[in-house]
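Chemist: let me see the structure of the following:
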Amino acid sequence: MANRIILNETSYHGKGAIEHIVPEIQTRGFKKVLVVTDHDLVKFHVAEKVTKLLDDAGIAYALFDEVKANPSVDVIKRGVAKFKEIGADCLVAIGGGSPIDSAKAIGIIINNPEFSDVLSLEGVAPTRNKCVPIIAVATTAGTAAEVTINYVITDEEKKRKFVCVDVHDIPVVAVVDPDMMSSMPRGLTAATGMDALTHAIEGYITKAAWELTDALHLKAIQLISRSLRLAVENDPKGREEMALGQYVAGMGFSNVGLGVVHSMAHPLSAYYDTPHGIANAVLLPYVMEFNKDYTGEKYREIARAMGVKNVDEMSQEEYRNAAVNAVKQLAKDVGIPEKLSEIGVKEEDLPALSVDALNDVCTGGNPRDCTADEILEVYKTAF
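Modeler: You can find the predicted model right below:
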């Protein structure tokens, strides 16, 4: 079986990367930009770092800042209407996963109008056309939405999140500038960083993993585990390494999928509006425990990448436990809660959450096949 890798046409990394946005727009001949972002990034002048570049270059644009965390079907429909209203031909997405995911959905629907109800994009939708060109500017070091072929939308009516996987949605240009992330508060830095670690670990152990993605994920685990504590303290070197680490993780998992951590995290956001990174961070060590007997020698390499010493002298049980404990320690060090009960999850909802998690598209990639009852037991342990 052939393995497939899909990446951005172009990506820019490091301080000053945003300076390449205007030349990319001009070289590609775009005339009118819809800037997709959220209200807070406008309020705190983060989006302004990009819109000022557009202003100075005389590039016409309109602002769509109605995106919220866990973007809904209604948000996507309003974004599509805004794009048509202004006659745009390009999207610049500024933000974490929510604005970039919203831009992907908007761009797909514009060029594939038969999917305008949004809900029909769930899963692997048979779209025929590439989405409107997107320049994705990351403001968090976690989701890697700027380099993935996935996006997640919330169906508020049914209280569920659904994952869309589409080779046509990847941004043509990714801009990963740590200066765009410097204003992230401590808690958000920790949550998005643990989200990135979850991507790297789940991508490394998923059923579809192979040698090239293994190399990407191990490097991402190494970068994230050594830099997240520094990034939480707003250390510039930590910010820069986290920006790179989360992108490298995205290069991998976008092409091989994820697992039950994400399957279990998605319903939490749908039910309680839990930030995705927090949900993943709390669940990760518990799911690692659940999966550990189905991962061969991979936990040894996770432990090694996270800086655990003398892993070659450990038994299989020892290095598997060492990997789980390293994740627990990192989460504790950056202030992640240990239990679901601490983040507003209700015990009476756990059975329904388990059914939703089982039906999530990410479940199929988990290294251990599972039932709703087994997922429920993991939820209970994490509760």
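Chemist: by contact count, what packs against the helix or strand bottoming out on mean pLDDT in the chain?
Modeler: Of all helical and strand segments in the chain, the minimum by mean pLDDT, DSSP states H and E falls on strand 160-165, at a mean of 88. Judged by 3 or more CB pairs under 8 Å, 6 or more residues apart in numbering; DSSP states H and E, the packing partners of strand 160-165 are helix 97-111, strand 150-155, helix 260-272. (Glycine included, C-beta is placed from N, CA and C.)
Chemist: do that again at 7 Å, thanks
Modeler: strand 150-155, helix 260-272 (3 or more CB pairs under 7 Å, 6 or more residues apart in numbering; DSSP states H and E).
Chemist: what element comes up after that strand heading to the C-terminus?
Modeler: strand 173-176 (DSSP states H and E).
Chemist: give me the mean pLDDT for the helix or strand that that next one is followed by.
Modeler: Once strand 173-176 ends, the next helix or strand along the chain (criterion: DSSP H and E) is helix 186-205. Averaged across helix 186-205, pLDDT comes to 96.
Chemist: name the residues of helix 186-205 that are buried.
Modeler: By 16 or more other CB atoms under 10 Å, the buried positions in helix 186-205 come out as 188-205.
Chemist: ends of stretch 144-156, how far apart?
Modeler: Its start and end residues considered, stretch 144-156 measures 24 Å (CA to CA, to the nearest Å).
Chemist: which of the residues in it are buried?
Modeler: A144, A145, E146, V147, T148, I149, N150, Y151, V152, I153, T154.
Chemist: what's across from the last one in the sheet?
Modeler: T154 has these beta-bridge partners by DSSP bridges: S72, K161.
Chemist: for it, what are its contacts?
Modeler: By CB atoms under 7 Å, 6 or more residues apart in numbering, T154 lies in contact with N70, P71, S72, K161, A270.
Chemist: and the residues you listed, which two are the farthest apart?
Modeler: Spanning the widest gap among these are P71 and A270, at 12.0 Å by CB to CB.
Chemist: of those two, who's got more company?
Modeler: P71 (26 against 21; other CB atoms under 10 Å).
Chemist: ok, the more buried one touching I100?
Modeler: No. Judged on CB atoms under 7 Å, P71 makes no contact with I100 at a distance of 9.9 Å.
Chemist: now L228. Nearest residue, chain neighbours left out?
Modeler: Leaving aside its sequence neighbours, L228 sits nearest to G193 (CB to CB, 6 or more residues apart in numbering; 4.1 Å).
Chemist: again with M242
Modeler: Per CB to CB, 6+ apart, closest to M242 is A141, 3.9 Å.
Chemist: which of the helices or strands spans the one you found?
Modeler: Using DSSP H and E, no helix or strand contains A141.
Chemist: how deep is it tucked in, by neighbour count?
Modeler: Per other CB under 10 Å, the neighbour tally for A141 reads 32.
Chemist: does it touch A243 like I think?
Modeler: Yes. Counting by CB under 7 Å, A243 is a contact partner of A141 at 5.0 Å.
Chemist: what sits in contact with each of the two?
Modeler: In contact with both A141 and A243: M181, using CB under 7 Å, 6+ apart.
Chemist: which one is the residue nearest the centre of the chain nearest to, not counting chain neighbours?
Modeler: When the chain is reduced to its mean C-alpha position, the closest residue under CA atoms, centre = their mean turns out to be T143, at 2.4 Å. In space, and not counting its chain neighbours, T143 is closest to G97: 3.3 Å by CB to CB, 6+ apart.
Chemist: A281 now?
Modeler: M194 (3.5 Å).
Chemist: list the residues that contact the one you found.
Modeler: Contacts of M194 were listed using CB under 7 Å, 6+ apart, and they are G277, N280, A281, L284, A331, I336.
Chemist: give me the neighbour count for the nearest residue to the last one once chain neighbours are set aside.
Modeler: For I336, ignoring the flanking residues on the chain, the nearest one in space by CB to CB, 6+ apart is A281 at 4.4 Å. By other CB under 10 Å, 30 other residues sit near A281.
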